[in-house]
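Colleague: here's a sequence, model it:
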Amino acid sequence: MLSVHTSPLDQPGTGDAGGMNVYVVELSRQLAALGTEVEIFTRATAGHLAPAVELAPGVLVRHVDAGPYQGLSKEELPAQLCAFTHGVMQIWAGEHPGYFDLVHSHYWLSGQVAWLAAQRWGVPLVHQMHTMAKVKNASLATGDTPEPAARIIGETQVVRAADRLIANTAEEADELVRHYAADPGRTAVVHPGVNLATFRPAGDRAAARARLGLPRDALVPLFVGRIQPLKAPDILLHAVRELLDAEPSLRGRLVVPVVGGPSGSGLARPERMQRLAARLGIADLVEFRPPVSQPELADWYRAATVLVMPSYSESFGLAAAEAQACGTPVIAAAVGGLPVVVRDRETGYLVRGHDPADYARVLRRFADDPGLCDRLGAAAARHARRFGWKATAGGTLAVYADAIAERRFRRPHLAGA
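Modeller: Prediction:
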């Protein structure tokens, strides 16, 4: 596996680390548990890192030196792809012929390296976009920075080179065909998973709130994710202001945790959300918390009344699946994969558009009906069980098998020609 721009060892919610990190870690662990050894190549971001680290039995993370350890933004990484590729090839040269059966790349930067590696090693390339420039640019948040043309070109090249593409949802598969002329016959849909051992209902909401120091009877709309315009935490803050304008008596009941760190274009103004909360007059209600480990994150989900995901674009929406697995309903934008993860009016609510007033009206339902959280949460926990990582790994292995079988079929055919 190739994950150039963000390490699977990084804490999700910091810098560029997010759902893709969780995806690579959990998928690799499950593949290894099913008998497929995995080596993950990622860029070294500190001098003290060991060249190879065992992430789990059968899963090895290899750190490749490419550019300075610190201070490189994601936008500067294309200039280091040659150095990264050289490092990958050096490691490969030390192994026996046929060491790798297949290359699986994540995000377009990794795809550029994987394209060359797969050709050099004579193995299939399976690629996963996770996000797409053309899709993001079509639904930019106000003031956000468009993805550059170089990324669009790079994504188009990788789509053409890949033996197989994995999409998180049927909608993402359609977007690959529509925006990048992907071959539908080589595009497979495999839903991401949830660690159901960690993210599960455990005890009652009051116990989770006690552990986190939250009031027992509070209305707690939770935001989890990287703090950047794409994820739209500002929509939640504006919605809270709208809710208070409509029902001032709720002020004594509201606590609004925002769990995550600045990322992407949000790094330019890391204090933006704090200033917005102050300007809206709700700074006393909003608690900004740094990214946390998965066990603690599960407690935040359990403690919340509802998770709010007003994102402008989501290829899947892993946080929504995690929250539901913990028995917490979700209010989400009806974009990308979120309509697959959230069943409207059954496990949460889908909101068309990004008008804070619409989110405020849904939040008001939870304020007016204390039993709504538990009713939707029970259905959410049942729904989330279909998203286990074992199923994801099984679907991914089927894609691998198809790609390998097709490559083997082509070789004798070409030799005979």
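Colleague: the stretch 151-300 of the chain: strands as residue ranges?
Modeller: Secondary structure of the stretch 151-300 of the chain (DSSP state E, counting those that start in this stretch): strands at 164-167, 187-189, 221-224, 256-259, 286-289.
Colleague: for residue 115, find the nearest of the ones you listed.
Modeller: With Cβ to Cβ as the criterion, residue 115 lies closest to strand 164-167 of the strands of the stretch 151-300 of the chain, at 12.8 Å. Using the backbone N, CA and C atoms, a C-beta is placed for each residue, glycine as well.
Colleague: break this protein into its domains for me.
Modeller: Taking automatic domain parsing as the reference, the chain has its domains at 19-193+389-416, 205-386.
Colleague: what sits up against stretch 281-289?
Modeller: 237, 240-241, 244, 251, 254-260, 273-274, 277, 300 (Cβ atoms under 8 Å, 6 or more residues apart in numbering).
Colleague: check which residues of it are buried.
Modeller: 282, 285-289 (16 or more other Cβ atoms under 10 Å).
Colleague: poorly predicted segments of the protein, please.
Modeller: Flagging of the chain using pLDDT under 70 yields the residue ranges 11-18, 263-270, 411-417.
Colleague: so where's the longest helix in it?
Modeller: Ranked by number of residues, the top helix in the chain under DSSP state H is helix 389-416.
Colleague: distance from it to the middle of the chain?
Modeller: 26 Å (Cα atoms, centre = their mean, to the nearest Å).
Colleague: mind giving me the packing neighbours of it?
Modeller: helix 19-33, strand 125-128, strand 164-167, strand 187-189 (3 or more Cβ pairs under 8 Å, 6 or more residues apart in numbering; DSSP states H and E).
Colleague: can you name the residues in contact with the shortest one?
Modeller: To tie it back to what came earlier, the one meant is strand 187-189. 164-170, 172-173, 176-177, 395, 398-399, 402.
Colleague: could you identify the most distant pair in those residues?
Modeller: Spatially, the most separated pair among the contacts of strand 187-189 is 177 and 398, at 20.1 Å (Cβ to Cβ).
Colleague: now, which of the buried residues of stretch 281-289 sits nearest residue 358?
Modeller: Ranked by distance to residue 358 (Cβ to Cβ), the buried residues of stretch 281-289 are led by residue 282 at 18.3 Å.
Colleague: okay, the closest one and residue 246: tell me how far apart.
Modeller: Distance of residue 282 to residue 246, computed by Cβ to Cβ, to the nearest Å: 14 Å.
Colleague: before we move on, what about residue 224?
Modeller: On the measure of Cβ to Cβ, residue 224 and residue 246 end up 25 Å apart.
Colleague: neighbour count: those two, which is higher?
Modeller: Higher neighbour count among residue 224 and residue 246: residue 224, with 27 against 14, using other Cβ atoms under 10 Å.
Colleague: pretty sure that one is in contact with residue 233, am I right?
Modeller: No: taking Cβ atoms under 8 Å as the definition, residue 224 is not a contact partner of residue 233, at 9.6 Å.
Colleague: check contacts around the closest residue to residue 217 other than its chain neighbours.
Modeller: In space, and not counting its chain neighbours, residue 217 is closest to residue 253: 6.9 Å by Cβ to Cβ, 6 or more residues apart in numbering. By Cβ under 8 Å, 6+ apart, residue 253 lies in contact with 215, 217-219, 367.
Colleague: on that earlier part again, tell me which of the helices and strands packed on helix 389-416 sits most buried.
Modeller: Greatest average neighbour count among those goes to strand 125-128 (a mean of 26), per mean count of other Cβ atoms under 10 Å.
Colleague: what helices or strands is the helix or strand that that strand is followed by leaning on?
Modeller: The first helix or strand that comes after strand 125-128 along the chain, using DSSP states H and E, is helix 133-138. Counting contacts by 3+ Cβ pairs under 8 Å, 6+ apart, helix 133-138 is packed against helix 149-161, helix 170-180.
Colleague: residue ranges of the helices in the stretch 251-400 of the chain, please?
Modeller: Applying DSSP state H, counting those that start in this stretch to the stretch 251-400 of the chain gives helices spanning 272-279, 294-303, 318-325, 338-341, 356-368, 372-384, 389-416.
Colleague: any chance of those helices in TSV, plus distance to residue 53?
Modeller: Formatted as TSV, these follow (distance: least, Cβ to Cβ, whole Å):
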stretch	distance to residue 53
helix 272-279	34
helix 294-303	18
helix 318-325	23
helix 338-341	31
helix 356-368	41
helix 372-384	30
helix 389-416	21
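Colleague: in TSV: those helices, plus mean neighbour count.
Modeller: Below are those laid out as TSV (neighbours: other Cβ atoms under 10 Å):
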stretch	mean neighbour count
helix 272-279	16
helix 294-303	20
helix 318-325	29
helix 338-341	24
helix 356-368	19
helix 372-384	19
helix 389-416	15
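Colleague: between those helices, which one is closest to residue 48.
Modeller: Taking those one by one with Cβ to Cβ, helix 294-303 is closest: 24.3 Å.
Colleague: quick one: which of the domains of the chain is nearest residue 4?
Modeller: Short answer: domain 19-193+389-416, nearest of these by Cβ to Cβ, at 4.5 Å.
Colleague: as CSV, the helices and strands packed on helix 133-138 with mean neighbour count would be great.
Modeller: Formatted as CSV, the helices and strands packed on helix 133-138 follow (neighbours: other Cβ under 10 Å):
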stretch, mean neighbour count
helix 149-161, 17
helix 170-180, 18
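Colleague: how about those helices, which one is nearest residue 409?
Modeller: Going by Cβ to Cβ, the one of those nearest residue 409 is helix 149-161, 18.7 Å.
Colleague: can you pull the contacts of residue 92?
Modeller: Residues near residue 92 by Cβ under 8 Å, 6+ apart: 99-100, 117, 120-121.
Colleague: ok, and the most crowded of the residues you listed?
Modeller: residue 117 (21 neighbours).
Colleague: where does it fall, secondary structure wise?
Modeller: Assigned by DSSP H and E, residue 117 belongs to helix 107-121.
Colleague: which parts of that helix are buried?
Modeller: 107-118, 121.
Colleague: stretch 185-198 now?
Modeller: By 16+ other Cβ under 10 Å, the buried positions in stretch 185-198 come out as 186-196, 198.
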